[in-house]
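Q: The sequence and its predicted three-dimensional model are supplied below.
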Amino acid sequence: MKIVVQKYGGTSVGDIARIKNVANRIIQKKEQGFSPVVVVSAMGNNTDDLLDLAYQISDNPPKREIDMLISTGEQVSIALLSMALHELGHDAISLTGHQVGIKTSGHHTKSKIVDIEDKVLRKHLSDNKIVIVAGFQGSNEDSDITTLGRGGSDTSAVAIAGKLQCPCEIYTDVDGIYSLDPRMYPKAKKLDAISYEEMLEMASLGAGVMHTRAIELAQKHKISILVASSMENKPGTIIKESEPGMESAVITGLAIDNNDALVTLNNVPYSIGITAEIFEMMAKKDINIDMISQTSPKDKLVNISFTTPKSDLVDTRSILGFISKKYPQISFEINENISKLSVVGIGMRSHSGVAAQIFVLLAKANIEVEMVTTSEIKISYAIDPKDQQTAVDLIAREFEL
Ligand code: ADP
Ligand code: ASP
Ligand code: MG
């Protein structure tokens, strides 16, 4: 049996005509001799609409109930897609994450898949059914419904492909991975292939086209991913292990993130114990932290800054409130008005001077940088959002992205 996992995102199943289009594409694949397992997202902006309902009731609704609510979006689309396939004369069955045995652990709204039982999937496939699975969801050890973080249907698809050891195709509203978001820079170039390492950095630094955890799982299970359009038949981009030829460009891509806030803690006693205590509390709440910087000590005090997703600010504020009560000299500021630009490329391993080149570009345009961090294959700059488009255009042009 030639199994394939296909995933269709929210825009691709955004209305009935699009659901029918997806049904036809699945049938084409089946007629080529494949047994499709199809993962779908909620229709259009349905997840946002559901969250909006929740926040009309409370600023901080219980996360278990958020999961219960937002997981329903995918249940609508899987049922409709299955009906569309039946209407076209094909046997299909829709299944929730729990029914498929997608086991998760961790916190509600950002759970991680720990295991998938393949028994149910394999049974339906051997009965020659097209299996349609709700993306973005699973269930935890208490059998509570959990979700995997925004954009998590990609991860559901890759995790299933990993379990079934089959190819994974992600169909979306762009025809592949571009050097940067084509909505921000229409001249961006489409990449034929990108390495796991670079895609992982791009995704975690804000390129919303793929969910970060999906790339981690693909790398772990050694599964290559095709990202392509759900509307047109164009070649798309392959995400795979890096090959020698892939290192020719210094910079492969530019990721843009407007969903982070910059947190600064002032007057922190210069003590690794206190720094550890703060970051440990954040880690226990599973709060994601990216750029970190610390000033050099003055009068045995330091300032510590870091970026964190705005979606984690409720938890971040409550931890920082606790810390500033415990250590009254510590004060904190949160700046939600920042834009993070990150250049990514495995070519940077063997090529120095990229950070300087970008500083020169930004200086010429009078763009101030609030924070910079680097790693082997990426450099991130936090800047004022008003300068974002100018900086994007300058960097894209300079590096021919
Ligand atoms: P889906 O609903 O299919 O999961 P997403 O909205 O999550 O789709 O991802 C597709 C979008 O990602 C595109 O419309 C595009 O604007 C955006 N995007 C961001 N960075 C990139 C990039 N480097 N290449 C392609 N698309 C990108
Ligand atoms: N529907 C979910 C979201 O909007 C999951 C996904 O689209 O992948 O985040
Ligand atoms: Mg997505």
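A: Now that the structure is in, tell me what you want to look at. Numbering: from 1, shown residues only. Ligands and ions are numbered 1, 2, ... in the order given.
Q: Could you count how many residues lie near K325?
A: 9 (other Cβ atoms under 10 Å). All C-beta spots, glycine's among them, are computed from the backbone N, C-alpha and C.
Q: Now do the SS call for it.
A: Of the three states, K325 takes helix according to DSSP: H, G, I helix; E, B strand; the rest coil.
Q: residues in contact with P297?
A: Shown in contact with P297 (Cβ atoms under 8 Å, 6 or more residues apart in numbering): Y270.
Q: One more: H211?
A: 148-149, 151-155, 203.
Q: Format those as CSV; extra columns: neighbour count, secondary structure and pLDDT.
A: CSV is the format used below for these (neighbours: other Cβ atoms under 10 Å; DSSP: H, G, I helix; E, B strand; the rest coil; pLDDT from 0 to 100):
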residue, neighbour count, secondary structure, pLDDT
L148, 29, coil, 98
G149, 20, coil, 96
G151, 21, coil, 97
G152, 28, coil, 98
S153, 29, helix, 98
D154, 30, helix, 98
T155, 28, helix, 98
A203, 24, helix, 97
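Q: can you narrow these to ones near ligand 3?
A: With Cβ under 5 Å from the ion as the criterion, the contacts of H211 include G151 near ligand 3.
Q: which one of the contacts of H211 is nearest ligand 1?
A: G151 (5.1 Å; Cβ to the nearest ligand atom).
Q: isn't the closest one right next to S204, touching?
A: No - taking Cβ atoms under 8 Å as the definition, G151 is not a contact partner of S204, at 11.6 Å.
Q: Can you give me every residue that contacts T172?
A: 8-9, 11-12, 209, 227-230.
Q: redo that, cut-off 10 Å
A: 7-12, 41, 154, 209-210, 227-231, 236 (Cβ atoms under 10 Å, 6 or more residues apart in numbering).
Q: quick one: the strands in the stretch 151-300 of the chain?
A: Per DSSP state E, counting those that start in this stretch, the stretch 151-300 of the chain carries strands over the ranges 168-172, 193-195, 225-229, 237-240, 253-257, 260-269, 292-294.
Q: same check, this time on the stretch 301-401 of the chain
A: 301-309, 331-335, 339-344, 369-375, 378-383.
Q: so the closest residue to A159 other than its chain neighbours bridges to which residues?
A: Spatial nearest neighbour of A159, chain neighbours left out: I113 (4.6 Å); criterion: Cβ to Cβ, 6 or more residues apart in numbering. Counting by DSSP bridges, I113 is bridged to T104.
Q: pLDDT score for I113?
A: The confidence metric pLDDT takes the value 97 at I113.
Q: quick one: the closest residue to ligand 2 within the stretch 151-300 of the chain from I177, how far?
A: Nearest residue of the stretch 151-300 of the chain to ligand 2 (Cβ to the nearest ligand atom) works out as S153 at 3.2 Å. S153 is 17 Å from I177, where distance means Cβ to Cβ, to the nearest Å.
Q: What's the local residue count around the closest residue to ligand 2 within the stretch 301-401 of the chain?
A: As assessed by Cβ to the nearest ligand atom, ligand 2 sits closest to S311 within the stretch 301-401 of the chain, at 11.1 Å. Other residues lying near S311 total 17 when counted by other Cβ under 10 Å.
Q: and it, what does it touch?
A: S311 touches 109-110, 149-150, 259-261, 287-288, counting by Cβ under 10 Å, 6+ apart.
Q: how does it look with 8 Å?
A: With Cβ under 8 Å, 6+ apart, S311 has these contacts: 150, 259.
Q: could the strands of the stretch 151-300 of the chain go into TSV alongside mean pLDDT?
A: Formatted as TSV, the strands of the stretch 151-300 of the chain follow (pLDDT from 0 to 100):
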stretch	mean pLDDT
strand 168-172	98
strand 193-195	95
strand 225-229	98
strand 237-240	97
strand 253-257	97
strand 260-269	96
strand 292-294	93
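Q: Could you export those strands as JSON lines, including distance to ligand 1?
A: Output for these, formatted as JSON lines (distance: least, Cβ to the nearest ligand atom, whole Å):
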{"stretch": "strand 168-172", "distance to ligand 1": "3"}
{"stretch": "strand 193-195", "distance to ligand 1": "9"}
{"stretch": "strand 225-229", "distance to ligand 1": "8"}
{"stretch": "strand 237-240", "distance to ligand 1": "8"}
{"stretch": "strand 253-257", "distance to ligand 1": "6"}
{"stretch": "strand 260-269", "distance to ligand 1": "15"}
{"stretch": "strand 292-294", "distance to ligand 1": "24"}
